[in-house]
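> can't give you the sequence, but here's the structure:
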């Protein structure tokens, strides 16, 4: 269009974008494609934040997740104020929360907390705390934020049945819930790669058997099976062992859909010309798979994996919620939601739902990222 | 056609065998057998059992035999209607589970119908008005529906009903009808309670099905036959409902295969939150107390329920869709 108005003897303008596209690497093309999925981009930021919380939970959580203060059972959430009015009525930087006024309800003899505007609990950043172990490696005595005077109440998301800080518990739960999703998916990926790869690469009767097994597992209701397997764990096992066992149980049933995707990829690639060419060249099986086939299926697998993590997280949450997954000294989102199980506690303390919000946000953003990755997995497809 | 049905039904036999093996493994998994837990029970009550009696019990129940023999023993009894004894309830397992499984089947069936009724128009709308505000809202709600664990939704509904309606919505019957015989008022009472579990369980299925319907219909909408029909002057609504929707409808029937497992799974968790008289709550109770004959039998029959549902959907699909030719 612009060329028609230009003098005829000038060379045609080079389309810079097309040239950049033509010379860009596969991964760069994928990144460009992924960037266009706006929800996936936002979700990646959310996920990065969640991972940050999971990695640095000891430092970020203001209290130990199992430290309890019986004085503050079911204390409601406090709002964090950053500014305060000084004597002249101007705003000054002074982060604080309001304390509680406790009254005893005469009929039910229950303590009722009201946030008391008159009391101020000063809050500081990088405050000194009880010594705690960071990653089990070294000891720290500073938390990102906390009450300036030790022992002051600070419950930004309220307190539970034993007066434990919900916020700290959710922060610690992030590490367990996210890591169980990640490790569980890695285990299913190994199973899926081995079985799906064999199935798709060799075909024939072995493919037939593996496919029938997958179809069978997929046709079963998963929760009863998970529950049945989880129930077999002796309940006097140490927490770490239970954690590993739950992860294995989740991946034992979760590998099937990954295996299907991998098999599909192998099947379609097996007949591609470049694979035949490599075979005729006498390349070894390992070289064909890793050198020639892998570049075209790795991206798809990454996308499928990121879509499989949320299912793992939801499964762990459900198991722990029912009391057959992780057990209380461990803090995961599902374990926390166990507290919200009966109707009495959620009507007195609706903030016990907060871990549920964490689950929904994490799962939602993982789904969006997975969706974006899947769209970007094949950058050469014209859309 | 008949040959296909026969082959498909015959395929169920290995599936049933596999399911029974899985259930048996689950029964066997916890360390010790039920004589051990019986002994532990006696010991806590202060009168330790005589080892000779325990040994006699083991022999009586065939627990001293190798596992394979035990399996055949168990499956043979199961085929004759004897599923073992529940340790917790001290009654035969068979007496406990049938009514419960019936309720699970009822809840699952109603939810499936509900999922279809809602997902169909919403999916069609979402595809026909692609990228409209309505489509974006539907898409967002679908993602939200898939991301919310259904027990959380159940809890939330309970919370809303207690705080705003002032009463709890758990259970499937009002106290008056709890143990009454079946009658018309009891059915009406059931329907009054049933909508909450159906709604809670249906959300995830609806979300998934709307997405599938939308994608399938979008594939069809651009095809030449749609254009032709439009050129001939068919009213838009008639056109969409008569041609592309019918083609895209296939997944609605074939999804029974994967929606049913999801529903039965969800039922376990949701019904324990809403305290429904379905198989879920007693399954969890049985597994927690390691009452394995009850737990194993429940798991086996839940799986069988799903397998039968899948079989019916497969047969329905062949019957409804003339494009599928199974007999070679």
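Here it is on my side, so go on. Keep in mind it's a predicted model, so treat the numbers as computed, not measured.
> top strand in chain A by residue count?
When chain A is scanned for its longest strand (criterion: DSSP state E), the result is strand A:110-134.
> From the contact counts, what lies against that strand?
Applying 3 or more Cβ pairs under 8 Å, 6 or more residues apart in numbering or on different chains; DSSP states H and E, one finds that strand A:110-134 contacts helix A:57-60, strand A:91-105, strand A:138-147. C-betas here are computed from N, CA, C, even on glycine.
> cutoff 6 Å now
Packing contacts for strand A:110-134, counted by 3 or more Cβ pairs under 6 Å, 6 or more residues apart in numbering or on different chains; DSSP states H and E, involve strand A:91-105, strand A:138-147.
> So which residues make contact with the longest one?
This means strand A:91-105. By Cβ atoms under 6 Å, 6 or more residues apart in numbering or on different chains, the residues outside strand A:91-105 that reach it are A:78, A:80-84, A:86, A:111-117, A:119-123.
> try the shortest one
Contacts of strand A:138-147 from elsewhere in the structure, counted by Cβ under 6 Å, 6+ apart, are A:59-60, A:62, A:121, A:123, A:125-129, A:131, A:133-134, A:154.
> Let me see the backbone angles for residue B:183.
phi -160, psi 170 (degrees, to the nearest 10).
> tell me which residues of the one helix or strand residue B:52 maps to are tucked away?
Residue B:52 is part of helix B:51-60, with elements assigned from DSSP states H and E. For helix B:51-60, a neighbour-count test (16 or more other Cβ atoms under 10 Å in any protein chain shown) marks B:54, B:57-58 as buried.
> what's the answer for stretch B:229-242, then?
By 16+ other Cβ under 10 Å, the buried positions in stretch B:229-242 come out as B:229, B:239-240.
> What is the distance between that stretch and the centre of its chain?
38 Å (Cα atoms, centre = their mean, to the nearest Å).
> got it, and stretch A:38-51?
So, by Cα atoms, centre = their mean, the centroid of stretch A:38-51 is 11 Å from its chain's centroid.
> pLDDT score for residue A:321?
Per-residue pLDDT puts residue A:321 at 86.
> Quick check: it touching residue A:336?
No. At 9.1 Å, residue A:321 does not count as touching residue A:336 under the criterion of Cβ atoms under 6 Å.
> which ones are touching residue 199?
This is for chain A. Contacts of residue A:199 by Cβ under 6 Å, 6+ apart are A:207, A:210, A:263.
> Now do the SS call for it.
Following DSSP: H, G, I helix; E, B strand; the rest coil, the label given to residue A:199 is helix.
> From chain B, how far out is it?
18 Å (Cβ to the nearest Cβ, to the nearest Å).
> Is it correct that residue A:63 falls within a helix?
No. Under three-state DSSP, residue A:63 sits outside any helix and is assigned coil.
> Show the contacting residues for it.
A:165, A:168.
> Can you pull the phi and psi angles for it?
phi -130, psi 170.
> now do residue B:216
phi -60, psi -40.
> Name the nearest residue to it, ignoring sequence neighbours.
residue B:248 (3.9 Å; Cβ to Cβ, 6 or more residues apart in numbering or on different chains).
> Looks like the one you found contacts residue B:218 (just checking).
No. With contact defined as Cβ under 6 Å, residue B:248 does not reach residue B:218; the gap is 8.7 Å.
> Now do stretch A:249-265: distance to the chain's middle.
On Cα atoms, centre = their mean, the centre of stretch A:249-265 falls 19 Å from the chain's centre.
> typo on my end, it should be stretch B:137-155
Here the centre of mass of C-alpha atoms in stretch B:137-155, compared against the chain's by Cα atoms, centre = their mean, lies 19 Å away.
> Output the contacting helices and strands for the helix or strand containing residue A:268.
Element membership of residue A:268 [criterion: DSSP H and E] is helix A:239-270. Contacts defined by 3+ Cβ pairs under 6 Å, 6+ apart place helix A:239-270 against helix A:166-202, helix A:204-218, helix A:222-231, helix A:294-321.
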